[in-house]
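K.L.:
Here's my sequence, what's the structure:
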Amino acid sequence: MPTLDVELNGEAVHDIDAPDSFVTDGPFPVVLENSGRSTHVHLHFDDELDRVATLDEGNHFVADEATRHVHVSTADVDERVRGKLKIVTGYGSNTRYVDVRVDPSPDSPSEPVAVDETLSAPPEQTEVPPGQRAVNALDRLVRRGGVAGAAFGLIAVVAAVGVALAADSAVVWLAVGVALMTAFGAVLLAVT
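P.N.:
Numbers count the residues shown, from 1 in each chain. Sure thing, here's the model as predicted:
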């Protein structure tokens, strides 16, 4: 069975690397391999191809550095059908077209193929290692402009601890504790 391989986020954010053309004579998977941050991908067939090829759904989420298989069903055709598969990432910021040709099957099976029930379930998602999660969180913090906020928060915490040490008051220490918990909560929200 031929496979249409699509690389996402390879050269840059929302980058799409796909072949110019693809030929099949039956159902096939579109393999979305993400080389970077998580992304949403929209797949759509033009009118000619939509008559013979079907996606279960058009919108797909691909996690950080993960691979997603999207099954494409095709109808039996008596003659070649040509069309385009539109691949969109970044909510429309990047688009790529692949010329797809569906050929008649050289031989149709006389008996239906039995499919085991275990194949009907989607594959399990692999867990991202903690080290990679930390790197991804730091990357998101930098991209969202959170470095300035983190630096300001650190300065504010140091100043608060300095005031608490100088005042030597239980009320001031309590206020510093509340401020530290709030700052820690804001950091957790910023990196998720």
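
K.L.:
contacting residues around Val41?
P.N.:
If a contact means CB atoms under 8 Å, 6 or more residues apart in numbering, then Val41 has Val6, Leu8, Leu32, Asn59, His60, Phe61, Val62, Arg68, Ile87, Val88, Thr89 as its contacts. Every residue, glycine included, has its C-beta placed from N, CA and C.

K.L.:
Okay, and the beta partners of the last one?
P.N.:
Partner residues in beta bridges with Thr89, using DSSP bridges, are Val41, Asn94.

K.L.:
circling back: show the buried residues in the contacts of Val41.
P.N.:
Val6, Leu8, Leu32, His60, Val62, Arg68, Ile87, Val88, Thr89 (16 or more other CB atoms under 10 Å).

K.L.:
Outline the domain layout of the protein.
P.N.:
What the record gives for the chain is the domain set 4-106, 130-191, from automatic domain parsing.

K.L.:
From Val100, how far out is the residue nearest to Leu49 when sequence neighbours are not counted?
P.N.:
The spatial neighbour of Leu49 that comes closest, neighbours along the chain excluded (CB to CB, 6 or more residues apart in numbering), is Gly83 at 2.7 Å. Remark: distance between Gly83 and Val100 (CB to CB, to the nearest Å) = 6 Å.

K.L.:
where do the contact lists of the two overlap?
P.N.:
Counting by CB under 8 Å, 6+ apart, the shared contacts of Gly83 and Val100 are Phe45, Leu49, Ala53.

K.L.:
and the residue nearest to Leu49, what does it touch?
P.N.:
Phe45, Asp46, Asp47, Glu48, Leu49, Asp50, Ala53, Asp99, Val100.
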